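1. With the input below, show me the fold.
(one chain, ligands or ions: 1)
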Amino acid sequence: MPRTPGRSTRHPAALHYQVEPADLRAHLYRITLTLAQPQALQRVALPVWIPGSYLVREFSKNLQKLQARQGRRLITPQQLDKCSWQIACDPKQPLELSYEVYAYDNSVRTAWLDATRGFFNGTSLCLRVDDQADAPHELTLRPGKAPASWQVSSGLAALKTDRRGFGTYRAANYDELVDCPFELGAFWSGNFKAGGVTHRFVVAGAPPSFDGPRLLADAQRICETAIRFWHAGGHATGRSGKPPFASYVFMLNATDDGYGGLEHRNSTALICARRDLPRAEAKPGEGYTTLLGLISHEYFHSWNVKRLRPAEFARYDYRAENYTELLWFFEGFTSYYDDLLLRRAGLLDDAGYLRLLNKSINQLQQTPGRLVQSVAQASFDAWGKYYRVDENTPNATVSYYGKGALVALCLDLTLRAEGPHSLDDVMRALWLRCKAGPMAESDLLAVLQELSGRSWSRELKRWVHSTTELPLRGLLERHGVAIHEEPAQLAQRLGLRVSESGSLQIKTVLRGGAGEQAGFAAGDEWLGVEVGSGKTRSRWRLHKLDDLLLYAGGHGRVQALVARDKCLLTLPLTLPRNTTTWRLSVRAKEAAGAWLGA
Ligand SMILES: [Zn+2]
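-> Numbering: from 1, shown residues only. Sure, this is the predicted structure:
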């Protein structure tokens with residue numbers, strides 16, 4: 001659905017937010033919400049989560065000093081629960097609510113304000129007026145304490161703004177308001193066109209070496225490839241070759257060591273490490289490919305999850321978890337296409353693409369949780385498991401991103417093997433069938449049946465609703481990819497995940513591994529190792545896991561010296577041999593090219 005530009009100012013919206021950066025040092029925004037026509041008992045609430053990030057985050061913990069007034073009359077708001085309030089008022093008079101929001105979370109999910117930049121999502125700043133959520137909402141962003149050098153960027157339609165972007169914006173409803181984050185600051189920005197639509201790229205925190213034109217050129221290739229993907233045949237939205245939005249904004253925040261992104265209907269908020277930005281004088285490394293993959297991922301979401309979306313997300317409930325079994329499709333298939341479209345855009349070669357695919361396959365194979373939860377269960381459980389990472393996460397659940405992408409790969413390669421269709425055709429047919437809106441798994445099954453002339457319920461049952469291993473080897477080999485079995489890294493052989501900063505710490509003990517059998521526990525500090533016995537016995541201090549191989553030599557069994565809760569323990573550890581991992585390479589260029597270069 002293309003966003004319509006704001007209408008005339010002669011009819012101001014019944015709901016109006018005034019937002020201003022009020023105190024940069026205290027990280028406070030000041031918000032004034034005016035309801036032209038309140039109810040006698042008016043309820044307002046702040047969301048507990050932001051669509052796209054499936055965790056209840058209780059944004060209201062940062063809201064303070066809520067005041068209500070009508071004219072000169074102050075009214076005490078009654079707090080009803082953790083995130084909602086009720087105000088008893090005169091329905092014939094406008095109601096004005098004012099409050100502050102503390103903004104000091106440097107992620108794409110909430111809000112930030114300091115002397116260098118501001119960023120906010122409406123879910124963190126804008127109280128929701130439940131009974132008027134479908135009415136137009138206006139937001140006036142005032143400069144407040146913003147330095148004169150600051151500018152504003154957002155996907156929201158500007159109604160009346162100044163040269164810097166401060167002024168009034170208008171949303172058709174609350175959903176649109178909170179789906180258009182704002183970036184404020186003295187950022188770098190540039191534009192390009194893709195599919196006839198202007199795309200703005202804003203980068204905060206870029207170092208002097210940043211090569212902006214390179215980033216713009218590569219992002220443009222990604223966007224054009226994605227638009228071509230969805231609109232091949234020219235029928236997908238009824239507007240041949242045009243994306244389903246009138247403008248698009250990338251808001252990238254470069255930090256020392258950040259990574260993440262959140263998709264929105266016509267914008268995305270991204271965070272990356274400064275060293276991953278392209279530099280004029282240096283050849284971009286793997287980190288830059290990761291950034292391009294993130295750009296590709298969030299942009300693909302403009303179609304796949306923001307428009308085509310789980311039936312359960314037809315209408316968001318901002319007060320509680322919104323459960324769906326379909327994240328393996330919306331996150332997983334988006335993850336499959338993010339890197340594949342980099343390959344098709346010419347930003348990766350076959351070998352580079354297979355390296356990334358290789359990584360996803362090995363990650364899945366090193367996750368014991370894949371044998372515990374199906375990827376549909378993992379989607380449903382995202383709120384309690386995947387988004388609440390702890391030392392047991394790899395044993396308890398499976399990534400619907402990683403395994404979902406490999407389900408997409410299996411579907412694509414099976415379709416291609418049977419011919420003449422591919423998963424690309426399935427995605428476009430789904431877009432049409434579901435009218436770029438809510439979708440159920442039955443729609444996917446129906447489209448698969450329609451295109452291929454056979455049922456795919458057996459495949460989905462096995463790949464999506466069971467913990468059966470995916471048929472990756474046969475499918476990859478059939479499409480020109482060779483699989484080499486190579487000795488695994490030591491951590492994988494031992495079934496441990498460790499950190500080596502300062503000392504050797506056990507982060508996770510993987511289910512059924514040698515580390516678990518020896519009695520290692522998460523949190524242990526692995527101090528050293530005792531090798532041999534009697535006169536040949538020797539003891540060694542360990543700082544890095546790989547040092548174990550240096551000292552163990554040919555010994556298949558050693559004693560691990562471990563500190564746990566200040567107690568020193570000796571754990572008998574058998575070093576497994578023959579643990580292997582996959583390395584993929586192109587065996588038959590033509591067969592691989594038919595899939596990768598499609
Ligand atoms: Zn995603």
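2. only C-alpha atoms for contact and neighbour calcs from this point on.
-> Fine.
3. and the gap between the spatially most distant residue from the centre of the chain and residue 574?
-> Most distant residue from the mean C-alpha position of the chain: residue 535, 56.0 Å away (Cα atoms, centre = their mean). Residue 535 sits 21 Å away from residue 574, going by Cα to Cα, to the nearest Å.
4. what about residue 93, how many residues close to it?
-> 14 (other Cα atoms under 10 Å).
5. So what does it have for phi and psi?
-> Main-chain torsions, residue 93, degrees, to the nearest 10: phi -120, psi 150.
6. From residue 107, how far out is it?
-> Applying Cα to Cα, the value for residue 93 to residue 107 is 39 Å.
7. ditto for residue 592
-> Taking Cα to Cα as the measure, residue 592 falls 38 Å from residue 107.
8. pLDDT below threshold where in the stretch 1-150 of the chain?
-> Applying pLDDT under 70 to the stretch 1-150 of the chain picks out residues 1-11.
9. where exactly do the strands run in it?
-> Taking DSSP state E, counting those that start in this stretch to define them, one finds strands in the stretch 1-150 of the chain at 15-23, 28-35, 41-45, 63-70, 73-75, 78-79, 84-88, 95-102, 111-113, 117-120, 137-141.
10. now the ones you listed as a markdown table including mean neighbour count and distance to residue 344?
-> Listed next are the strands of the stretch 1-150 of the chain as a markdown table, based on neighbours: other Cα atoms under 10 Å; distance: least, Cα to Cα, whole Å:
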| stretch | mean neighbour count | distance to residue 344 |
| --- | --- | --- |
| strand 15-23 | 21 | 42 |
| strand 28-35 | 22 | 43 |
| strand 41-45 | 19 | 45 |
| strand 63-70 | 17 | 46 |
| strand 73-75 | 13 | 60 |
| strand 78-79 | 14 | 53 |
| strand 84-88 | 19 | 48 |
| strand 95-102 | 22 | 43 |
| strand 111-113 | 26 | 35 |
| strand 117-120 | 25 | 33 |
| strand 137-141 | 23 | 40 |
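11. could these go into JSON lines alongside distance to residue 281?
-> Converted to JSON lines, the strands of the stretch 1-150 of the chain look like this (distance: least, Cα to Cα, whole Å):
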{"stretch": "strand 15-23", "distance to residue 281": "37"}
{"stretch": "strand 28-35", "distance to residue 281": "39"}
{"stretch": "strand 41-45", "distance to residue 281": "50"}
{"stretch": "strand 63-70", "distance to residue 281": "45"}
{"stretch": "strand 73-75", "distance to residue 281": "61"}
{"stretch": "strand 78-79", "distance to residue 281": "57"}
{"stretch": "strand 84-88", "distance to residue 281": "53"}
{"stretch": "strand 95-102", "distance to residue 281": "40"}
{"stretch": "strand 111-113", "distance to residue 281": "32"}
{"stretch": "strand 117-120", "distance to residue 281": "28"}
{"stretch": "strand 137-141", "distance to residue 281": "39"}
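12. which stretch among the ones you listed comes nearest residue 271?
-> strand 117-120 (11.9 Å; Cα to Cα).
13. Next, work out how far apart the nearest residue to residue 445 once chain neighbours are set aside and residue 415 are.
-> Excluding the flanking residues, the one nearest residue 445 by Cα to Cα, 6 or more residues apart in numbering is residue 456, at 6.3 Å. Distance, residue 456 to residue 415, by Cα to Cα: 10 Å.
14. Pick out whichever of the two has more residues nearby.
-> Taking neighbours as other Cα under 10 Å, residue 456 and residue 415 compare with residue 415 leading, 19 against 16.
15. Angles on the backbone of that one, please.
-> Dihedral pair for residue 415: phi -60, psi -40, per degrees, to the nearest 10.
16. was I right about it contacting residue 426?
-> No: counting by Cα atoms under 8 Å, residue 415 does not reach residue 426; the two are 9.6 Å apart.
17. For the protein, give the helix that spans the most residues.
-> Using DSSP state H, we find that the single longest helix of the chain is helix 212-231.
18. other SSEs contacting that one?
-> Judged by 3 or more Cα pairs under 8 Å, 6 or more residues apart in numbering; DSSP states H and E, helix 212-231 is in contact with strand 188-194, helix 286-300, helix 334-344, helix 423-433.
19. Give me the residues contacting the first one.
-> Contacts made with strand 188-194 from outside it, assessed by Cα atoms under 8 Å, 6 or more residues apart in numbering, are listed as 198-204, 206, 212, 216-217, 220, 223-224, 227.
20. Using CSV, list the CA coordinates for that strand.
-> Extracted as CSV, the C-alpha positions of strand 188-194 are listed here (Å, rounded to 0.1, in the frame of the first residue of the first chain):
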residue,chain,number,x,y,z
TRP,A,188,25.7,12.5,6.4
SER,A,189,23.0,12.0,3.8
GLY,A,190,22.7,11.1,0.1
ASN,A,191,20.0,10.2,-2.4
PHE,A,192,19.5,7.7,-5.2
LYS,A,193,16.6,6.5,-7.3
ALA,A,194,15.5,2.9,-7.6
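21. Next SSE downstream of it?
-> Using DSSP states H and E, the next helix or strand after strand 188-194 towards the C-terminus is strand 197-204.
22. could you say what helices and strands that next one packs with?
-> Counting by 3+ Cα pairs under 8 Å, 6+ apart, strand 197-204 packs on strand 188-194, strand 247-255.
23. Of those strands, which is nearest residue 54?
-> strand 247-255 (20.9 Å).
24. same question for the closest one, mean pLDDT?
-> For strand 247-255, the mean pLDDT works out to 98.
25. now stretch 331-348
-> 97.
26. Quick one: classify the closest residue to residue 169 other than its chain neighbours as helix, strand or coil.
-> Nearest non-adjacent residue to residue 169, counting by Cα to Cα, 6+ apart: residue 158, 4.3 Å away. Three-state assignment for residue 158 (DSSP: H, G, I helix; E, B strand; the rest coil): strand.
27. Residue 158 contacts residue 166, doesn't it?
-> No: if you go by Cα under 8 Å, residue 158 and residue 166 don't touch, sitting 9.3 Å apart.
28. So what's the residue count around residue 315?
-> Here the number of neighbours of residue 315 (other Cα under 10 Å) works out to 11.
29. ok, now how distant is it from residue 434?
-> 15 Å.
30. Ok, residue 345 next?
-> Taking Cα to Cα, one finds residue 345 at 27 Å from residue 434.
31. Could you check which of the two has the larger neighbour count?
-> For residue 345 and residue 434, the more surrounded residue by other Cα under 10 Å is residue 345, and the numbers stand at 20 against 17.
32. Give me the distance between that one and residue 296.
-> Taking Cα to Cα, one finds residue 345 at 10 Å from residue 296.
33. Overlap in contacts, the two.
-> Contacts common to residue 345 and residue 296, judged by Cα under 8 Å, 6+ apart, are residue 222.
34. I'd like to know the beta-bridge partner residues of residue 138.
-> Residue 138 forms beta bridges with residue 16, residue 170, as assigned by DSSP bridges.
35. Repeat that for residue 529.
-> Counting by DSSP bridges, residue 529 forms beta bridges with residue 540, residue 560.
36. surely it meets residue 537?
-> No: between residue 529 and residue 537 there is no contact under Cα under 8 Å: 10.5 Å.
37. Which one's more surrounded, the two?
-> For residue 529 versus residue 537, neighbours defined as other Cα under 10 Å are more numerous around residue 529 (23 against 9).
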